[in-house]
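Student: how would this look folded up:
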Amino acid sequence: LTAGMTGFAHPAILSAGWGQVPLVIINGAAESYAEGTRQLQEYDTKYIARSAEVKQALRCTVWERIPQMLTWTFKAAQGNIPGAAYIEFPIDLLCSTGDPEKINKWQTSICTARPQGDPELVKQAIQILMAAKQPIISVGRLANYSDAAAEVKEFVELTGIPVEACNGTLGTHPLNIGFQVCGDADVALLLGKYSVGMPGSLVGDNFPNARKISVYPDPVDIGRCYPVELGIVGDVKMVLRQMIEEAKKYTFPDQSEWVELLKGQIEGSRYMFDTIADEEATRIPMHPATASKNLVEWMLENNLNRDSFYAADGANNYYWYTVFSGVNGMPWEFPHQGVIATLLAHSLGNIGSAMAMAVGAACAHPDKLMLVPSIGDGTIYYHFVELETLSRLQVPAVVVVHNNNGFAMVYDDQRRVWGRQARAGSFFQENIHY
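Tutor: Below is the predicted model of the structure:
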């Protein structure tokens, strides 16, 4: 980044941090020797980075310390709970020269310890799950980061408990429900789930009536945004190994009836949303429900949900895309699929960042097609520079824009305020094609 870009990048930095993605931001800065002179782009960029909840924010002013401080930055980003870390270099430092013999590689230790959970709490967790009538498991990003896919699968098969979101750990396993129809769950096991959202928000507590068991490395985060009855502090992989050994001592109740109920609810949701899409099929411009249904069907027919690296971005269109991908079992099935979309699906929203991150991911996986199956006609304004980057780097990509002359999130909000039949004065002119 340049010093002038820090504020612009702020939402993306915060989204990456909330998404628990190891990200290092290397930024420029105004001259270090002229602080306080109101020079070009002189402002506290470290403060902006800290307000984006980076794990560490550093300013390097001595070039001999560049290896040392870069090492600290990368180490902070790749900790047990990954996130964003920030370092900035003033322009006078970047343009300076010196004796390379004075720069040595900075040696640092990397802590790879994986803490186990409290054995007594593990026993309590198994007893709570044993007594549950309608239990559910929800797998967060940290489970994938701790390489717990094998443990998730073993625990699910041992207990018969279905999974609401697997974050790439279960694939097409029959107990991978893959859609949020589990509001009636009486016990929810949260594995590496970042606490986010609030009652009534678009994201957050999907199990409002459930007794919650949370496995997470940071005790401060457990129960932060919704009540948790039992918190187990530890690495997801290590705690699951403990839970598997404890669960082997018992015979869990048959959950097949509960699993079939959930699958039936998904089928009901699919029928309802398909009906909406079909009813809107003749509308011009095309309704996002119709577009999303056809896009998801096309992706499934061509196996693109497995063979491409895909991301989605937007507001109203993004809602419809996630609905149709969800009822068709697509989200979070396969490793590295839909990662960008799920990364940004937090309270902050996901407008404007997904394609930029997907470009980097596509460059790291040149064997895969980059697919953006859903982006809105308002959101695309954020991404024109990414289209140039895709062309320049020759990344094979397909970007589908829902150009329905809508800016529908804005329009929906206006109708909520002024009435469903009202066309607010700040909306668009009918004789202009947007």
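
Student: and stretch 123-131, what's buried?
Tutor: With burial defined by 16 or more other Cβ atoms under 10 Å, the residues of stretch 123-131 counted as buried are Gln124, Ala125, Ile126, Ile128, Leu129. The way it works is simple: take the backbone N, C-alpha and C, and place the C-beta from them, glycine included.

Student: for Arg38, state which of the residues you listed is nearest.
Tutor: The closest of the buried residues of stretch 123-131 to Arg38 turns out to be Ala125 (Cβ to Cβ; 57.5 Å).

Student: for that closest one, give me its contacts.
Tutor: Ala125 sits next to Leu189, Ile213, Leu230, Ile232, Met243 when contact means Cβ atoms under 8 Å, 6 or more residues apart in numbering.

Student: can you tell me the element the nearest residue to Leu387 once chain neighbours are set aside falls in?
Tutor: Distances taken as Cβ to Cβ, 6 or more residues apart in numbering put Val399 closest to Leu387, at 7.2 Å, once the chain neighbours are dropped. Using DSSP states H and E, Val399 maps to strand 397-402.

Student: name the residues that touch that strand?
Tutor: For strand 397-402, the external contacting residues (Cβ under 8 Å, 6+ apart) are 286, 288, 291, 295, 314, 317, 355, 362, 369-377, 380, 383, 387, 390.

Student: can I have the buried ones of these as a ChimeraX selection?
Tutor: Selecting only the buried entries of the contacts of strand 397-402 in ChimeraX, with 16+ other Cβ under 10 Å as the criterion:
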select :286,288,291,295,314,317,355,362,369,370,371,372,373,374,375,376,377,380,383,390
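
Student: output the lowest mean pLDDT helix or strand found in this structure.
Tutor: Ranked by mean pLDDT, DSSP states H and E, the weakest helix or strand in the chain is helix 339-344, scoring a mean of 51.

Student: and after that one, which helix or strand comes next?
Tutor: Next along the chain after helix 339-344, taking DSSP H and E as the criterion, comes helix 354-364.

Student: where does Val385 sit: helix, strand or coil?
Tutor: Look at Val385: counting by DSSP: H, G, I helix; E, B strand; the rest coil, its state is helix.

Student: counting neighbours, what do you get for it?
Tutor: Val385: 11 surrounding residues under other Cβ atoms under 10 Å.

Student: equivalent analysis for Arg415, please.
Tutor: Number of residues near Arg415 (other Cβ under 10 Å) recorded here: 15.

Student: what does stretch 80-88 contact?
Tutor: 3, 13-14, 16-17, 20-29, 45-46, 49, 52-60, 69-70, 73-74, 76-77, 111, 114, 142, 145, 217-218, 235.

Student: now it: mean pLDDT?
Tutor: Stretch 80-88 shows a mean pLDDT of 92.

Student: cool, and stretch 254-268?
Tutor: On average, stretch 254-268 scores 94.

Student: send the alpha carbons of it over as PDB?
Tutor: Output of stretch 254-268 as PDB, limited to C-alpha atoms (Å, rounded to 0.1, in the frame of the first residue of the first chain):
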ATOM      1  CA  ASP A 254     -29.800 -42.300  17.000                       C
ATOM      2  CA  GLN A 255     -30.100 -38.900  15.300                       C
ATOM      3  CA  SER A 256     -31.400 -40.200  11.900                       C
ATOM      4  CA  GLU A 257     -34.900 -38.700  12.500                       C
ATOM      5  CA  TRP A 258     -33.400 -35.300  13.300                       C
ATOM      6  CA  VAL A 259     -31.200 -35.500  10.200                       C
ATOM      7  CA  GLU A 260     -34.100 -36.300   8.000                       C
ATOM      8  CA  LEU A 261     -36.100 -33.500   9.400                       C
ATOM      9  CA  LEU A 262     -33.300 -31.000   8.600                       C
ATOM     10  CA  LYS A 263     -33.000 -32.400   5.000                       C
ATOM     11  CA  GLY A 264     -36.700 -32.100   4.600                       C
ATOM     12  CA  GLN A 265     -36.500 -28.400   5.700                       C
ATOM     13  CA  ILE A 266     -33.900 -27.800   3.100                       C
ATOM     14  CA  GLU A 267     -36.000 -29.400   0.400                       C
ATOM     15  CA  GLY A 268     -38.900 -27.200   1.500                       C
END
